[in-house]
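S.K.: Sequence and computational prediction follow.
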Amino acid sequence: MTPMIDVVFLLIIFFLVSSHLAKREARMPLDLPVAGSHQNDDAVSNRITINVDRDQRIQMGGTIVPANRVVELLLSHQREHSAAAAVRIRTDRTVRYGAVEPLLRDIAQAGIIDITFAVHENH
């Protein structure tokens, strides 16, 4: 009985830590692009957030990822969530489309079709 209780506590700790990291990566300080309209951001448990900072560094899961590993991580995310896999892209407004376009190709290559961009609404 004691080992089972230990496993349950470890699982609880794992989920608490992973949910904290997911919330933190969505709050990475970025000067997001401005859009004329937007949809409310519903919490999606099967979504991975990709941050692209001012220096065009890609961050996934709270760590900076080399461009050649992005497809591998996206494929793993797609295998884990299958058709429900989703991606949210957060970029600094100074990042040009040319830096984001390879990322979109990588997402398509992984077979993920649910893609959203984080923006600030223009008032």
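M.R.: Noted; the coordinates are in hand.
S.K.: show me where the protein has strands.
M.R.: Along the chain, the segments classed as strands by DSSP state E run 34-35, 47-52, 58-60, 63-65, 86-91, 114-117, 120-121.
S.K.: Switch those strands over to TSV; also include distance to residue 106.
M.R.: From N, CA and C alone the C-beta is placed, and that goes for glycine too. What follows is these, written out as TSV (distance: least, Cβ to Cβ, whole Å):
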stretch	distance to residue 106
strand 34-35	23
strand 47-52	9
strand 58-60	10
strand 63-65	11
strand 86-91	10
strand 114-117	11
strand 120-121	25
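S.K.: which one of the ones you listed lies closest to residue 97?
M.R.: Closest approach to residue 97 among the strands of the chain (Cβ to Cβ): strand 86-91, 9.5 Å.
S.K.: For the closest one, enumerate the helices and strands it packs against.
M.R.: Applying 3 or more Cβ pairs under 8 Å, 6 or more residues apart in numbering; DSSP states H and E, we find strand 86-91 packed against strand 47-52, helix 97-109, strand 114-117.
S.K.: deepest of those, which one?
M.R.: Sort the helices and strands packed on strand 86-91 by mean neighbour count, taking mean count of other Cβ atoms under 10 Å, and strand 47-52 sits at the top with a mean of 22.
S.K.: which residues touch that strand?
M.R.: Outside of strand 47-52, the residues within contact range by Cβ atoms under 8 Å, 6 or more residues apart in numbering are 22, 25-26, 28, 30, 58-61, 70, 73-74, 77, 85-92, 95, 99-100, 103, 114, 116.
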